[in-house]
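Student: sequence and predicted structure are below.
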Amino acid sequence: MAFAFEARRDESLIQLARAEPFRLGSLVVNPATREVSRDGESEILEPRVMQVLVALFEAKGAVVSRDELVARCWDGRIVGDNAITRVIVQLRRLANEFGQSSFELETITKVGYRLVVREGAAVATSPEASSVVVAEPRHRSFSRRAVVGAGLAAGCAATAWFGWKAFQGHEPPPEAVELFKRGEHAQRQGLPDLSRQAVVYLEQAVAIDPFYSAAWGSLALAYRHLLEAFGEAEYTSLPERIRSAAGRALALDPRNADARLALILVHPFYGNWRQMEASLRELGQEHPDHWLLRAQTGLLLYEVGRIEEGIPHSQHVLEIDPFLPVGHMFLARALSMAGRLQEAEAVLNRGGERWPAHPALWGTRYSFLLFNGRPAAAAAFAMDPDSLPSGMPPQAVKRRVRIARAFETREPGLVAEVIASARAEAAADPKNAQFATAILALLGLKDDVFQILHRYYFQLERPLGRYERRYTYSLFAPALREVREDARFPALLDRIGLTRYWRETGTKPDYALS
């Protein structure tokens, strides 16, 4: 019986070398060479993409289930929905862009797919198909970039057409909706890898349906997340990709909140606090329950030292969506900065119960314990294997334990090691400046703190790029209380531009109100 099963499976598997050429409207498809030709140009498809196209063609208009596609094109191996969806995306791109819409793939919800030939574009297996010669074809590889480019190109159609589609109550196909939902979920987790994965999901969604305004707006925000120090931010290309995706969303739906928010957030808060606060508040009047809009409004207020004003925004974020790990992180951090330690710890406890090893929550809890006089608890927390985020390098854990031990014991050798490490890390990477200055400030090394802050904000080696991020919230943390009392601190604020912001807006930071 086993041999009979293997024989049947081999017979059903799409063998490209044995498949006959065929026509799809104006296209000539040659499975053996994986080539699709039209009017002197050709596309070379990936093997799996060609197999699926052949399977759908051979069904002669019947519905082909996902299970059958897996059996015939993946040899029955276990594959995720993403693998099939990716292939369908590429075939839809082929139909719409290269095939001049001579055919389409119809989704039969919870069943499978059907190849549909549009009126006037006959599908036929033809002896002539194999003899068609395409002279000097201009090959174009069929990659994910091509799929995304297709979505962007399709999105560049006339604004009037977009508006017409929107007013017609356009409904995206189910697979585009599913990708949109996955992209939304991924970008809400606050993790670098998932932020990049969100981009992939949403790029596929708009490639499937270029008229999907919500997906375009979400894609604009997903691109924007990559500017927020999530890995290697592409400062030269991301801003234009943000604007392009946001523009497509707004052409379809001028009220799209995601797109409008993404355009506001292209620029960093640093140096733009007044203008961005006004823009966020204006948009917030129209969309008071947009989770990221409220979150960013709170973050901007933290950046300018107005901690107590920002806290209600962060609290409202968790009322909108209680399952945001970074929402818990930002609220706990703000409550701690405001001296509301019991509330901060309660938020961290709730977050820890839901996401016991989330890197952002882990780092926030460790800092909360360390900088609020509980170094022994910080060391114990860092050594707890049940709370440790996956992928955390052992050396990073060891370093945090030694920092906590240095604060607990004040052993001279250990303290000297921590000081040297903080100085070196701040010099090596500006992103380490906040943590390093908090450590050095608590150890009384204000000269080091001001040196690091000047390098972080003014970066003498080169001027800051237009889209580079710098953060000021840590200037208002309890750890820098003595630094704020230093005569050099007002001059630092003047040079940063915060003094001007407070004067022009008629506001003051919380520490100046006490």
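Tutor: Ah, there it is. Numbering: from 1, shown residues only.
Student: and the pLDDT for residue 243?
Tutor: Looking at residue 243, its pLDDT reads 93.
Student: which strands and helices sit next to the strand or helix carrying it?
Tutor: Residue 243 belongs to helix 238-252 when assigned by DSSP states H and E. Applying 3 or more C-beta pairs under 8 Å, 6 or more residues apart in numbering; DSSP states H and E, one finds that helix 238-252 makes contact with helix 144-155, helix 159-167, helix 213-225, helix 257-265. C-beta here means a position set from N, CA and C on the backbone, and glycine is covered the same way.
Student: may I see the buried residues of that helix?
Tutor: Along helix 238-252, these residues count as buried under the neighbour rule (16 or more other C-beta atoms under 10 Å): 238-239, 241-252.
Student: show me where the stretch 1-150 of the chain has helices.
Tutor: Assigned by DSSP state H, counting those that start in this stretch, the helices in the stretch 1-150 of the chain fall at 2-12, 47-58, 66-73, 81-93, 144-155.
Student: pull the CA atoms of the fourth one into PDB?
Tutor: As requested, C-alpha coordinates have been extracted for helix 81-93 and formatted as PDB (Å, rounded to 0.1, in the frame of the first residue of the first chain):
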ATOM      1  CA  ASP A  81      -0.500  29.600   4.700                       C
ATOM      2  CA  ASN A  82       2.100  32.300   4.100                       C
ATOM      3  CA  ALA A  83       3.900  30.200   1.500                       C
ATOM      4  CA  ILE A  84       0.700  29.700  -0.500                       C
ATOM      5  CA  THR A  85      -0.400  33.300  -0.100                       C
ATOM      6  CA  ARG A  86       3.000  34.500  -1.300                       C
ATOM      7  CA  VAL A  87       2.600  32.500  -4.600                       C
ATOM      8  CA  ILE A  88      -0.900  33.700  -5.100                       C
ATOM      9  CA  VAL A  89       0.300  37.300  -4.700                       C
ATOM     10  CA  GLN A  90       2.900  36.800  -7.400                       C
ATOM     11  CA  LEU A  91       0.400  35.300  -9.800                       C
ATOM     12  CA  ARG A  92      -2.000  38.100  -9.200                       C
ATOM     13  CA  ARG A  93       0.800  40.500 -10.000                       C
END
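Student: and that helix, what's buried?
Tutor: In helix 81-93, counting by 16+ other C-beta under 10 Å, buried: 84, 85, 86, 87, 88, 89, 90, 91, 92, 93.
Student: picking that back up, closest to residue 489 among the buried residues of helix 238-252?
Tutor: Nearest to residue 489 among these, counting by C-beta to C-beta, is residue 239 at 32.9 Å.
Student: pretty sure the closest one is in contact with residue 266, am I right?
Tutor: Yes - between residue 239 and residue 266 there is a contact under C-beta atoms under 8 Å: 5.2 Å.
Student: where does pLDDT dip in this protein?
Tutor: Scanning the chain with the threshold set as pLDDT under 70 gives 1-11, 80, 99-101, 118-169, 229-236, 460, 514.
Student: still on that earlier bit, what sits in contact with each of residue 239 and residue 266?
Tutor: Here residue 239 and residue 266 have 227, 467 as joint contacts, going by C-beta atoms under 8 Å, 6 or more residues apart in numbering.
Student: quick check: residue 250 touching residue 257?
Tutor: No - if you go by C-beta under 8 Å, residue 250 and residue 257 don't touch, sitting 10.4 Å apart.
Student: overlap in contacts of those two?
Tutor: With C-beta under 8 Å, 6+ apart, residue 250 and residue 257 have common neighbours residue 217.
Student: check contacts around residue 218.
Tutor: Here residue 218 is in contact with 180, 183, 184, 187, 198, 202, 258 (C-beta under 8 Å, 6+ apart).
Student: one more time with 7 Å
Tutor: 180, 183, 184, 202, 258 (C-beta atoms under 7 Å, 6 or more residues apart in numbering).
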